[in-house]
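> heads up, no residue letters with this:
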């Protein structure tokens, strides 16, 4: 009787069956970071492949460890060394660390150094000379930095698309000139709190950086109509987000220029710009009716019902609206709402300190805002929780109503 045939060896190792290309294909199908980490725990070979394919890393490391990281993660393109305000560590990232990064991570595209307060212009100069492929840099709240270090980055990283220098108080128009001359593909620029910037610098910036999509000038108190008007003209086809919180020199000319040139504007923050009139706001609403999604104009004290009537009528894609402390707003702002054919896309609405709005106006508003997710009516004496209950107001399911300040505000309002 012939011997029964034996099956193939059951203990064959998967590493003998799959080559590196096949394993990389498996790794590429894993979407979650935790799954990719588990992949690397199978064996040393899989760990090596997982390491060489890794693109993004968040680390806390000194020069010695950074060199080891560079040797292991050879294709790293994003490195996050940022510190949180609540959990900073000592001594933190230093200029020596940046020198190592510039020498070892030559293919780096994205570098986050937010809140790394120990770095200086010397370290930034190393980044500028060593990382020519860098496309995104965040040095927000690195308070020792000046134009010198950041200009070195602009001169060495011509492909820079994103730059955030929020809270870098020593920055001046010199940096804007360097960006204009060297970084013509810049799309996102965060300058919040850089109070030394002027209209002259903004004008020069616009001459070279015509592809700006997102520009944050919040609390840049020396910026006025001339600078904004020049940016509007130069970046008319690209500008999507403009933030001008507490830029008290901004007037109607800025808004009228945006209305004339920037028809694709999606987000406009003009809170604290107290000289803006209803005519300017209406012009904006008429020009950007199809694109505008986020409009913050709290503390715009001259804005009244006329502006809101136009906004509600024209801007049907608007999702976020803040008119807090606009004391002239009354129930008349909602006079065109409440009918079945008038539906708004509003998800977040802030009406805090609008003392003239009553439950009658709110009733009309709610009938047109079925998708409302957050409503702020703090310090509205006629819209207390009790009065809304007595009037039988029905808020949309899941809508968070902030009557007293006990709720955390959505990020879009910050």
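All right, it came through fine. Everything numeric here is computed off the predicted structure, so don't read it as measured data.

> low-scoring pLDDT stretches of the protein, where are they?
By pLDDT under 70, the low-scoring segments of the chain are 1-12, 14-31, 35-42, 44-54, 86-91, 412-414.

> switch to 50 and redo it
1-8 (pLDDT under 50).

> show me where it has strands.
56-58, 78-80, 110-112, 136-138, 162-164, 188-190, 214-216, 241-243, 267-269, 294-296, 320-322, 348-350, 374-376, 400-402 (DSSP state E).

> Turn these into CSV, including distance to residue 229.
In this view, the C-beta of every residue, glycine as well, is placed from N, C-alpha and C. Shown next, in CSV, are those (distance: least, Cβ to Cβ, whole Å):
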stretch, distance to residue 229
strand 56-58, 39
strand 78-80, 36
strand 110-112, 33
strand 136-138, 28
strand 162-164, 23
strand 188-190, 17
strand 214-216, 13
strand 241-243, 12
strand 267-269, 15
strand 294-296, 19
strand 320-322, 24
strand 348-350, 28
strand 374-376, 32
strand 400-402, 36
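
> Adding mean neighbour count and distance to residue 309, write those strands out as a markdown table.
Converted to a markdown table, the strands of the chain look like this (neighbours: other Cβ atoms under 10 Å; distance: least, Cβ to Cβ, whole Å):
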| stretch | mean neighbour count | distance to residue 309 |
| --- | --- | --- |
| strand 56-58 | 13 | 47 |
| strand 78-80 | 18 | 46 |
| strand 110-112 | 21 | 44 |
| strand 136-138 | 22 | 40 |
| strand 162-164 | 21 | 37 |
| strand 188-190 | 21 | 34 |
| strand 214-216 | 21 | 29 |
| strand 241-243 | 21 | 24 |
| strand 267-269 | 22 | 18 |
| strand 294-296 | 23 | 14 |
| strand 320-322 | 23 | 13 |
| strand 348-350 | 23 | 15 |
| strand 374-376 | 24 | 19 |
| strand 400-402 | 17 | 24 |
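
> any idea how far the residue most central in space within the chain lies from residue 118?
Centroid check for the chain by Cα atoms, centre = their mean gives residue 214 as the closest residue, at 8.2 Å. Note on residue 214: its distance to residue 118, by Cβ to Cβ, to the nearest Å, is 28 Å.

> cool, residue 73 as well?
24 Å.

> out of those two, which sits in the busier spot?
residue 73 (20 against 17; other Cβ atoms under 10 Å).

> Please tell me how far the more buried one sits from residue 65.
From residue 73 to residue 65 the distance is 12 Å (Cβ to Cβ).

> list the contacts for the residue nearest to residue 382 when sequence neighbours are not counted?
Spatial nearest neighbour of residue 382, chain neighbours left out: residue 358 (4.4 Å); criterion: Cβ to Cβ, 6 or more residues apart in numbering. Residue 358 makes contact with 331, 382, 383, according to Cβ atoms under 8 Å, 6 or more residues apart in numbering.

> Do I have it right that the last one meets residue 356?
No - using Cβ atoms under 8 Å, residue 383 makes no contact with residue 356, being 10.4 Å away.

> the more surrounded of those two?
residue 383 (24 against 17).

> ok, for the more buried one, nearest residue in space, not its chain neighbours?
Nearest non-adjacent residue to residue 383, counting by Cβ to Cβ, 6+ apart: residue 377, 4.3 Å away.

> Could you report the neighbour count for that neighbour?
24.

> picking that back up, what's the closest of the strands of the chain to residue 314?
strand 294-296 (11.6 Å; Cβ to Cβ).

> In terms of secondary structure, what does that closest one contact?
strand 267-269, strand 320-322 (3 or more Cβ pairs under 8 Å, 6 or more residues apart in numbering; DSSP states H and E).

> Can you pull out the residues in contact with it?
245, 266-271, 311, 315, 318-322, 412-413.

> same deal with stretch 121-129?
94-99, 101-102, 111, 134, 137, 139, 144-146, 148-150, 152-157.

> Restrict the residues you listed to the buried ones and give me that as a PyMOL selection.
The PyMOL command for the buried members of these (criterion: 16 or more other Cβ atoms under 10 Å) is given here:
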select buried, resi 94+95+96+97+98+99+101+102+111+134+137+139+144+145+146+148+149+150+152+153+154+155+156+157
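
> I'd like the list of the contacts of stretch 121-129 that fall within helices, please.
95-99, 101-102, 148-150, 152-156 (DSSP state H).

> Of those residues, which is the nearest to residue 79?
residue 101 (6.9 Å).

> Confirm for me that the closest one is in contact with residue 66.
Yes - here residue 101 reaches residue 66: they are 6.4 Å apart, a contact under Cβ under 8 Å.

> still on that earlier bit, for residue 295, see how far away the residue nearest to the centre of the chain is.
Applying Cβ to Cβ to residue 214 and residue 295 gives a distance of 16 Å.

> For the stretch 151-300 of the chain, which segments count as helices?
173-182, 199-208, 225-234, 252-261, 278-287 (DSSP state H, counting those that start in this stretch).

> swap that for the stretch 301-414 of the chain, sorry
305-314, 359-368, 385-390.

> buried residues in stretch 326-343?
So stretch 326-343, judged by 16+ other Cβ under 10 Å, has buried residues 326, 328, 329, 330, 331, 333, 334, 337.

> ugh, typo on my part, it should be stretch 381-395
Buried, per 16+ other Cβ under 10 Å, within stretch 381-395: 382, 383, 388.

> tell me the contacts of the second one?
The one in question is residue 383. So residue 383 contacts 351, 357, 358, 359, 362, 377, 403 (Cβ under 8 Å, 6+ apart).

> out of those residues, which one sits closest to residue 175?
residue 351 (38.7 Å).

> can you tell me how far the closest residue to the closest one other than its chain neighbours sits from residue 400?
Leaving aside its chain neighbours, residue 351 sits nearest to residue 377 (5.4 Å; criterion: Cβ to Cβ, 6+ apart). Distance of residue 377 to residue 400, computed by Cβ to Cβ: 11 Å.

> count of neighbours near residue 65?
13.

> Excluding covalently adjacent residues, which one is nearest to it?
residue 59 (7.7 Å).

> What number of residues are in the vicinity of the one you found?
Applying other Cβ under 10 Å, I find that residue 59 has 13 neighbouring residues.

> so what's it up against?
65, 66, 69, 79, 80, 81.

> Isn't residue 219 up against residue 192?
Yes - taking contacts as Cβ under 8 Å, residue 219 lies within contact range of residue 192: 5.7 Å.
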